[in-house]
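>>> A predicted structure for the sequence below; I have some questions about it.
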Amino acid sequence: MSRFAHLLQPDQGQEARSISLVSKSGLEDWLKSLPERARTAVLADRFTGAPGDYVILPGDRPGEWSAAFGIGPKPGLWDLAAAAKALPEGLYRLDQGSPGAAGLGWMLAHYRYDRFLSKTETVGDRILLTTEPGLIAEQARLAEATALVRDMVNCPAADLGPAEIQAAIEQMATDFDAQISVTRGDDLSTGFAMIHAVGQAADRTRAPRLIELEWGNPANPRLAIVGKGVAFDTGGLNIKTGGFMRQMKKDMGGAAHAIALAKLVMEARLPVRLHLLVPAVENAISANALRPGDILKSRKGTTVEIDNTDAEGRLILGDALAKASEDHPDLILDFATLTGAARVALGPDLPAMFANHEDLAAALLQASADVSDPCWRMPLWDRYDDMLKSDIADMVNSAEGGMAGCVTAALFLRRFVPEAIQWVHFDTFAWRPTASPGRPKGGEAMGLRASFELLKRRYPVD
Ligand code: BES
Ligand code: MN
Ligand code: ZN
């Protein structure tokens, strides 16, 4: 059951309150079109048409009112989120045009994470009528995918460990009639030594695992989607300090993105052979924890000297990317809350995007702009690859000095993907530190809709 689909409904001339969207430049003309009573109310309220500004207009009969909201010069995805947030339960219609892309913003304004609240404030549904009912189903799927990422990231690590990540993928496999395979615990030690090593200190009930799902016609081009599933990142023996560890329930944000994207692909029945890979671990601390200085043999066969146990994401992804590459996919997309450096470089709004082929990067940036899901390309700067040199192994897991930290992390991952395979890597924060309408504080999907748009264009349904 969709949490969002009913929030937009076909306009069949039902009785509904009117919403006006007014930009600063359109304010004067709009004022002129209003009846005297309403214009007086708008002027008294000093409504300017600035984004975020709104006013309630009295009607002529008892119980009659409408609302106006300020918007920017270009209609945007989030314009209606502010409206949905401000308005009470009820049925609404835009006085001009239809919601278009902003229908998704309207839906997402209804998102709340209340699983752990004993008393939930019940805000009734605000339903918006639309003359483009054909858009509703996909917007509801995108809203649901976004909510799935938010829910998983917001969930505390005690309630969302490797087993729960596995359960989520198993449920999806049942729903879409997909195949699933799980390599777990000590079974990882031969083929996936890096996933094993990162997860080996966790409690037995939270053992590391590689969860793989396959779906679709094997004759279709293979699409691999990979996500970092660190249920909690203590840093390992290179333990994080309090402030940094506080956020680390979100370190499975990449896995949440990968799961949500896989679901969108299956719902849309894109003509691909989908391969979802989620290495799910807990980077814990105990007597058998991975140590700085230990050397691991990767799935690819190369050796990795551990410089820092807190650079664990790239280790589990390295093995997962190597496995994904073995089937010669047409495209690999990976998502990971990989480095604090990406956040320092771009802040919380913009995921860092890396791509090893120019056309692919351009197509993704275009899709990103078209669906208002921003990301920023960062370079796979060849000369920094040397920073991963080890004295006694093929590479270290973390470059000394920390310069261009998200770039060297991406270069580490690149070592596990053959150059001929097109590959995109998202280093995402997966978290909003401040709230705005439709985008509450907490877990967030970033680059998810852009990626789905890229996939829809690359693999059109015929
Ligand atoms: N999960 C963290 C990255 C992270 C930190 C994401 C803060 C979002 C917010 C990752 O495993 C990590 O600890 N990275 C280290 C790498 C370093 C040891 C080379 C980092 O970024 O400090
Ligand atoms: Mn870490
Ligand atoms: Zn991490």
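Received the coordinates, thanks. Ligands and ions are numbered 1, 2, ... in the order given.
>>> When you work out contacts or count neighbours from here on, use the C-alpha atoms and nothing else.
Noted.
>>> what's the neighbour count on the residue in the stretch 151-300 of the chain that ligand 2 sits nearest to?
Closest residue of the stretch 151-300 of the chain to ligand 2, C-alpha to the ion: Gly235 (4.7 Å). Applying other C-alpha atoms under 10 Å, we find 21 residues neighbouring Gly235.
>>> which residues touch Glu453?
Listed by C-alpha atoms under 8 Å, 6 or more residues apart in numbering, the contact set of Glu453 reads 367-368, 371.
>>> Sorry, slip of the keys, the one I care about is Val304.
Neighbouring residues of Val304 by C-alpha under 8 Å, 6+ apart: 295-298, 393-397.
>>> same thing but at 7 Å, please
295-297, 393-397 (C-alpha atoms under 7 Å, 6 or more residues apart in numbering).
>>> how distant is whatever helix or strand Lys32 lives in from the center of its chain?
Taking DSSP states H and E as the definition, Lys32 sits inside helix 27-33. The chain centre lies 40 Å from the centre of helix 27-33; the measure is C-alpha atoms, centre = their mean, to the nearest Å.
>>> and if you look at stretch 241-249?
Remark: stretch 241-249 is offset 20 Å from the chain centroid, using C-alpha atoms, centre = their mean.
>>> does ligand 2 sit close to that stretch?
No: applying C-alpha under 5 Å from the ion, one finds stretch 241-249 separated from ligand 2 by no less than 8.5 Å.
>>> about what we covered before: who are the neighbours in contact with the residue of the stretch 151-300 of the chain closest to ligand 2?
Contact analysis of Gly235 by C-alpha under 7 Å, 6+ apart lists 283, 309-310.
>>> Angles on the backbone of it, please.
Gly235 adopts backbone torsions of phi 100, psi -20, taken as degrees, to the nearest 10.
>>> and it, what pLDDT?
Residue-level confidence at Gly235 comes out at 98, pLDDT.
>>> start at 34 instead
Yep, numbering from 34; the last one is Gly268 now.
>>> tell me the contacts of the residue in the stretch 184-333 of the chain that ligand 1 sits nearest to?
Closest contact between the stretch 184-333 of the chain and ligand 1, by C-alpha to the nearest ligand atom, is at Asp284 (5.3 Å). Applying C-alpha under 7 Å, 6+ apart to Asp284 gives the contacts 262-266, 370.
>>> which ones among these are found in strands?
Residues of these located in strands (DSSP state E): 262-266.
>>> could you redo those as TSV and give each row neighbour count and distance to ligand 2?
Formatted as TSV, those follow (neighbours: other C-alpha atoms under 10 Å; distance: C-alpha to the ion, whole Å):
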residue	neighbour count	distance to ligand 2
Gly262	35	12
Val263	34	9
Ala264	33	11
Phe265	25	9
Asp266	28	6
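>>> need those residues in TSV with distance to Val337, can you?
Conversion of the ones in strands among the contacts of Asp284 to TSV gives the following (distance: C-alpha to C-alpha, whole Å):
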residue	distance to Val337
Gly262	20
Val263	19
Ala264	23
Phe265	22
Asp266	20
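>>> Which one of the residues you listed is nearest to Ser35?
Gly262 (25.2 Å; C-alpha to C-alpha).
>>> pretty sure Met227 belongs to a helix, no?
Yes: counting by DSSP: H, G, I helix; E, B strand; the rest coil, Met227 is located in a helix.
>>> Give me the pLDDT value at it.
99.
>>> By neighbours, which of the contacts of Gly268 wins?
Within these, neighbour counts (other C-alpha under 10 Å) peak at Asn316, which reaches 29 neighbours.
>>> Return the residues in contact with it.
By C-alpha under 7 Å, 6+ apart, the contact list for Asn316 reads 231-232, 235, 263, 265-269.
>>> right, and the pair among those with maximum separation?
Pairwise over these, using C-alpha to C-alpha, the maximum falls at Ala235 and Gly268, 12.5 Å.
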